[in-house]
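let me see the structure of the following:
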Amino acid sequence: MENITDKIQANHPLASLTTFKIGGSAEYFFELTNKEDVSEIFAWAKDKKLNITILGGGSNVLINDQGVKGLVVLMKNEKIKVSGKRLEVEAGVTLNNALSLALSNNLSGLEWSKGIPRATIGGAIRGNAEAFVNSMSDIVETVLVYDRSKNIFENYSNKMCDFSYRQSIFKKNLDLLIWSAVFKMTEKEKKEIEEKAINSLNFRIEKYPQLPSAGSVFMNLDPKIVEKSNKKLYDEILCHKIGRLGTISVGLVIDMLGLKGKTIGGAKISLEHANFIVNTGNATADDVAQLISLIKTTARDKFGIALHEEIQYIGFI
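The predicted structure is shown next:
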């Protein structure tokens, strides 16, 4: 039987595992596929006094050019099955693969996610991914979680996940590892599901940049906070720009700052959508971090508005 230490790799490159195509190497790297390995790999890291970083599909992250100290665990558990009107999926399954299985069984609930690059179930639940007035919280029934602090697996109900806009308990409590989930789906005509999925895909192709990126850089804005920060700007313009989810597009605000197209090194604020920073070919994490800092500083100085990142920084501390 193969020892778990035989599966651990040293100095493993990470850039190709991200949608940004940016970043250095992991000091130690492990692909997690079996539930039986969970407690053992965490115990190994604890014994070595190593920090642990969980990586899914590699979207919504920015990895340091100098790499990541400690152990990087790549979620490669990819079992998936249909049980009646429920979809049982492990964290390493991509949203697109989950949608494909749902579609073949006439199950609706994930068609809004079509075209999100490489996003996995674990990452989507953690960040409560959403689009077109739909979100992961709408379909999550239960989540099987490994609690590092207790060394046990526990089932979390939807309520226990503490979902909110782009948030969940899994972002707040880093001891919790999402292993799998059960989605409560709705039975619909395949043609209707296909049509919505195609519309979602076409929207992303038309509106979002096709160059490598991490997806949305910042979270959209709460109108109440914007009004408090800059009442004049809110009353004259932004109060008329509140979207279907009750937020104000941060891409619009960045565009109003005149930053669309701004470039530092190989990183560029996308011309297609200002809440995306794209890798034009040779961008470094430092290039991206400088652009993010420029956007935040300009928004604060010009509009008095504080922006908050949606992307996760890995290896920067």
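
need the helices for the stretch 101-250 of the chain, in chain order.
121-126, 169-172, 190-207, 223-229, 231-236, 250-256 (DSSP state H, counting those that start in this stretch).

with respect to Leu110, which of the ones you listed lies nearest?
helix 190-207 (8.3 Å; CB to CB). To be clear about C-beta, it is placed using only N, CA and C from the backbone, and glycine gets the same treatment.

which residues does Leu32 form beta bridges with?
Legend: beta-bridge partners of Leu32 under DSSP bridges are Met75.

relative to Ile178, how far out is it?
12 Å (CB to CB, to the nearest Å).

these two: which is more packed in?
Per other CB atoms under 10 Å, whichever of Leu32 and Ile178 has more neighbours is Ile178, with 27 against 21.

my read: that one touches Val145, true?
Yes. Ile178 is in contact with Val145 according to CB atoms under 8 Å; the separation is 6.1 Å.

Gly123 contacts Gly92, correct?
No. Between Gly123 and Gly92 there is no contact under CB under 8 Å: 9.7 Å.

compare those two and say which is more crowded by neighbours.
Higher neighbour count among Gly123 and Gly92: Gly123, with 28 against 25, using other CB under 10 Å.

residues in contact with the closest residue to the more buried one other than its chain neighbours?
On the basis of CB to CB, 6 or more residues apart in numbering, the spatially nearest residue to Gly123 that is not a chain neighbour turns out to be Gly56, at 3.8 Å. Neighbouring residues of Gly56 by CB atoms under 8 Å, 6 or more residues apart in numbering: Leu74, Met75, Ala91, Gly92, Ala119, Thr120, Gly122, Gly123.

the same query, at a cut-off of 10 Å, please.
If you count contacts by CB atoms under 10 Å, 6 or more residues apart in numbering, Gly56 has them with 17, 73-76, 91-94, 118-127, 178.

one more: Ile178?
54, 56, 75, 77, 90-92, 120-126, 143-146, 156, 161, 168, 170.

one more pass at 7 Å, please.
Ala91, Gly122, Ile125, Arg126, Val143, Val145, Phe170 (CB atoms under 7 Å, 6 or more residues apart in numbering).
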